[in-house]
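In: 3D, please:
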Amino acid sequence: MQGLMRDTYEPHALSSLPIFPLPNCVLLPGGLMPLHVFEPRYRELTRDCLASHHMMGIARLRPGYETSYYGRPPVYDRVGVGKIICSEELPDGRFALLLRGVARVEIARELPAGARTYRCVEARVLDDAGYDDADARAQHHRLIALCDRLAEVIDQGGPQLRDLVRSFESPGSCADAVAAALIMDADARQELLESCDPMARLQRTLGHVSHLLCELAPCDGAVN
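Out: Just a heads-up that it's a prediction; the model follows:
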């Protein structure tokens, strides 16, 4: 099962997973997301997460959410699960959080509200599809090489990018982490989150890194 990061993931959390709906925010496995929590319902969510498994789903709101934002506006069915790795409660009750993406999941059903002011869902992990190991290794090595080249031409973060692309043995997990760091478009991130095909995610990430290289160091044709 490669749809999750085993060292930080607690499967029991999915039976009643708190979700934090946000517009145009997509958390990919291996990625980091800072959150500033100020609404009372999400302060409650944060306190409950910190008192238990430290996990929440980051659910992207569907278009048109504005008319029912304070109710239960529709969200995309596939969400990223984040684990709180750093938290600070501010004097006025707000929270500053840092999440690490640990899984891609699909919402099976939304749970009744009960006494909670925030939303919870029952979710299931999205497992990765199988792939050809030799092809995956070759594409993984290509991604490492391209990220090394990109690290040479970006103004800052080059060493961190080199370390990041070497931090994952799984090609699909590596693609997720690199995409989380480099791809900002919410629609593109949502497509990657919803994909259970590691090779498709790898190809999309390779294409993005190649495009960035051609923008920063003009080239003729595709970057190999």
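In: break this protein into its domains for me.
Out: 6-125, 133-216 (automatic domain parsing).
In: so can I have TSV of these showing mean neighbour count?
Out: C-beta: built from backbone N, CA, C; applies to glycine. Listed next are these as TSV, based on neighbours: other Cβ atoms under 10 Å:
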stretch	mean neighbour count
domain 6-125	17
domain 133-216	17
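In: in a markdown table: those, plus mean pLDDT.
Out: As requested, the domains of the chain are exported to a markdown table (pLDDT from 0 to 100):
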| stretch | mean pLDDT |
| --- | --- |
| domain 6-125 | 92 |
| domain 133-216 | 94 |
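In: so what's Glu88 up against?
Out: 95-97 (Cβ atoms under 8 Å, 6 or more residues apart in numbering).
In: mind saving the C-alpha coords of stretch 39-48 as CSV?
Out: Extracted in CSV, the C-alpha atoms of stretch 39-48 (Å, rounded to 0.1, in the frame of the first residue of the first chain):
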residue,chain,number,x,y,z
GLU,A,39,-12.8,30.5,13.1
PRO,A,40,-14.3,29.1,16.3
ARG,A,41,-15.4,25.8,14.7
TYR,A,42,-11.9,25.2,13.4
ARG,A,43,-10.3,26.1,16.7
GLU,A,44,-12.5,23.4,18.1
LEU,A,45,-11.4,21.0,15.4
THR,A,46,-7.7,21.8,16.1
ARG,A,47,-8.1,21.3,19.8
ASP,A,48,-9.7,17.9,19.3
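In: residues contacting the most centrally placed residue in the chain?
Out: By Cα atoms, centre = their mean, the chain has its centre lying nearest to Leu28, at 1.6 Å. The contact partners of Leu28, taken as Cβ under 8 Å, 6+ apart, are 80, 101, 104, 176-177, 179-180, 189, 192-193.
In: repeat that for Val79.
Out: Counted by Cβ under 8 Å, 6+ apart, Val79 has contacts 19, 27, 57-60, 104-107, 123, 193.
In: from those, which is closest to Leu90?
Out: Ile58 (20.8 Å; Cβ to Cβ).
In: now the closest one: phi and psi?
Out: phi -100, psi 110 (degrees, to the nearest 10).
In: going along the chain, name the strands of the chain.
Out: 17-22, 32-37, 55-60, 78-89, 95-110, 119-125 (DSSP state E).
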